[in-house]
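Participant: here are the coordinates; sequence isn't available:
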Ligand SMILES: CC(C)(COP(=O)(O)OP(=O)(O)OC[C@H]1O[C@@H](n2cnc3c(N)ncnc32)[C@H](O)[C@@H]1OP(=O)(O)O)[C@@H](O)C(=O)NCCC(=O)NCCS
């Protein structure tokens, strides 16, 4: 198992993984298609941000993106490939992202949560602090983790 920086050349592969991952939840196909159209996960995005890929046996199983913004860091992506959800990879990626944020000097990690993933994030120590309108036309919970309480990197 290795967590390594993403390469710009794999942006398309990672975007496809994110769409498969989103489709794990019981959404209608039209919603997943709209999500895919709005995703905008390009090589430029990978090149400009802190994107990390989790590999197992040289196969990509998930990725995360952390936006370093001073005291409050943003977790912008957390995706585990649909075929391997529920095997501990999400925890590894989340703990690594929290460690990146902490190493960057942040005090808190914040993210807009997929509603079906709230239970996972609560398990990671996060709590809902508010709600925000999303581009897909529904409110999303905003969640936050105080990094001094976060567990050590996986
Ligand atoms: C959310 C996601 C990243 C979690 O990754 P995962 O690999 O399935 O999670 P893990 O197997 O590491 O689970 C870690 C813990 O969280 C719990 N957990 C996982 N998903 C959960 C859920 N939806 N609700 C409640 N608890 C959950 C697990 O039971 C496990 O608990 P444990 O510590 O007692 O063993 C993954 O389900 C995913 O990629 N989903 C689709 C995309 C998505 O919604 N991403 C989030 C965008 S904001």
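Facilitator: Thanks, I have the structure now. Being a predicted model, the structure only gives us computed values, none of them experimental. Numbers count the residues shown, from 1 in each chain.

Participant: so who does residue 5 touch?
Facilitator: Taking C-beta atoms under 8 Å, 6 or more residues apart in numbering, we find residue 5 in contact with 51, 52, 53. The C-beta positions use only the backbone N, C-alpha and C, and glycine is treated the same way.

Participant: Next, count neighbours for the last one.
Facilitator: By other C-beta atoms under 10 Å, 21 other residues sit near residue 53.

Participant: List the beta-bridge partners for it.
Facilitator: Counting by DSSP bridges, residue 53 forms beta bridges with residue 4, residue 63.

Participant: okay but it is in contact with residue 11, surely?
Facilitator: No: Residue 53 lies out of contact with residue 11 (C-beta atoms under 8 Å); the separation is 11.0 Å.

Participant: Helices of the chain, residue ranges please.
Facilitator: Along the chain, counting by DSSP state H, helices occupy 11-22, 29-38, 43-48, 89-103, 118-123.

Participant: who does the nearest residue to residue 134 once chain neighbours are set aside bridge with?
Facilitator: Setting aside the residues directly before and after it, residue 134 is nearest to residue 140 in space (C-beta to C-beta, 6 or more residues apart in numbering), at 4.7 Å. Beta-bridge pairing for residue 140 (DSSP bridges): residue 132.

Participant: Give me the residues contacting stretch 113-128.
Facilitator: For stretch 113-128, using C-beta under 8 Å, 6+ apart, the contacting residues are 22, 25, 78, 90-91, 94-95, 98, 109, 111, 140-145, 149-151.

Participant: If we use 6 Å, what do you get?
Facilitator: Stretch 113-128 has contacts (C-beta atoms under 6 Å, 6 or more residues apart in numbering) with 25, 94, 141, 143, 145.

Participant: what's the first one sitting at in phi/psi?
Facilitator: When you say that, I think you mean residue 25. The phi and psi values for residue 25, taken as degrees, to the nearest 10, are phi -80, psi 160.
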